[in-house]
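Peer 1: The following block contains a protein sequence and its predicted model.
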Amino acid sequence: MAVTEEKKEGLLETVKTIVWALVIAGVFRTLFFQPFWIPSGSMKDTLLIGDFLFVNKMAYGYSQYSCPFSMCTFIDGRWFGSEPERGDVIVFRHPVNGTDFIKRLIGLPGDTVQMRDGRLYLNGEPVAVEETEPFVETKEPQGPQRLTPRCANDPVAVGEDCIKERFAERLPGEEEPHSILNIASTGTDDTPVFTVPEGEYFFMGDNRDNSRDSRVPRSIGGVGFVPYENLIGRADRVVFSSAGAQMFFVWTWRLDRFFEEIV
């Protein structure tokens, strides 16, 4: 009989341990870091399809999406973090459809943003840019969605080199330049002047011709301006990366991207 009671007590302790582990993991995910898997190529070559990262939800303080279920309504969320900076790579909630997006912060409240012939202008001044070596990848289906990349040298057969022009762009205040890609002339290469409203932000993808971002009106599926309340957190580092359709295909892991800093 004693043995049976000991087994029951042991089972109960195991269940308690599992429950507490789940509670701690849930709190950790809710308050501190959120996992995010890169599903598309809008941020190439900074982020590739299949990159896995953790989003720092404390970077800018807590908003309704970085701290859900009204857990942080008793505090001034911004007190816990810094202000977003130009050049930050940020995960945010789409203002219309509610999906999670990841883009680079380009325009702060009060800034004017415009694209002219594929060149970015901030507050009326062209942003410093310098051409670097092209970005080359294989033209083949990528990731779980099996997306085939667009190429500046199209038409390209499957299995051949897919080439995009690459530039180093440095936003005002950035310590280091970030990489941007160019594929072809598109409708978002020339835009009107956008004036970023107070409390909102302007985002763009690094793969400039393959990103539906703040340059595109919400009415046709774009992002438009993004309110502070929609910010989830900052992406600082790639933790894991897989080029295959499934993350368990170990032969598709990109070992050189593990724990790579996001610039």
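Peer 2: In hand now; what should we look at?
Peer 1: Neighbours of Q34, how many?
Peer 2: 20 (other Cβ atoms under 10 Å). Backbone N, C-alpha and C define where each C-beta goes, glycine included.
Peer 1: Run me through the strand neighbours of the host helix or strand of V129, direction for each.
Peer 2: Here V129, judged by DSSP states H and E, is contained in strand 128-131. Take DSSP bridges as the rule and strand 128-131 pairs in its sheet with strand 161-170 (antiparallel).
Peer 1: And the contacts of the partner strand?
Peer 2: Strand 161-170 is contacted from outside by 44-45, 120, 127-139, 149-153, 156, 176-183, 207, using Cβ atoms under 8 Å, 6 or more residues apart in numbering.
Peer 1: tell me the mean pLDDT for it?
Peer 2: Averaging pLDDT along strand 161-170 gives 97.
Peer 1: I'd like the next helix or strand past it.
Peer 2: strand 178-182.
Peer 1: ok so, going back, for PyMOL, write a command that selects the buried ones of the contacts of strand 161-170.
Peer 2: Listed next is the PyMOL selection for buried residues among the contacts of strand 161-170, using 16 or more other Cβ atoms under 10 Å:
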select buried, resi 44+45+120+127+135+137+139+149+150+151+152+156+177+178+179+180+181+182+183+207
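Peer 1: Now do the contacts for V238.
Peer 2: Contacts of V238 by Cβ under 8 Å, 6+ apart are L47, D51, F52, L53, R257, F258, F259, E260, I262.
Peer 1: Mark which of those are part of strands, please.
Peer 2: D51, F52, L53, E260 (DSSP state E).
Peer 1: hang on, isn't P109 packed against G199?
Peer 2: Yes: using Cβ atoms under 8 Å, P109 makes contact with G199 at a distance of 6.2 Å.
Peer 1: Please say which of these two ends up with more neighbours.
Peer 2: P109 (16 against 10).
Peer 1: That one: what secondary structure?
Peer 2: coil (DSSP: H, G, I helix; E, B strand; the rest coil).
Peer 1: got the contact list for stretch 90-102?
Peer 2: Contact with stretch 90-102 is made by 34, 36, 38, 43, 47, 55, 65, 84, 89, 103-105, 203, 218, 223-227, 230-235, as judged by Cβ under 8 Å, 6+ apart.
Peer 1: what's the answer for stretch 210-221, then?
Peer 2: So stretch 210-221 is contacted by 41-44, 95-96, 103, 106-107, 113, 115, 150, 181, 183, 188, 191, 194, 201-205, 222-226 (Cβ under 8 Å, 6+ apart).
Peer 1: now A152: how far from I183?
Peer 2: A152 sits 5 Å away from I183, going by Cβ to Cβ, to the nearest Å.
Peer 1: And for N230?
Peer 2: 28 Å.
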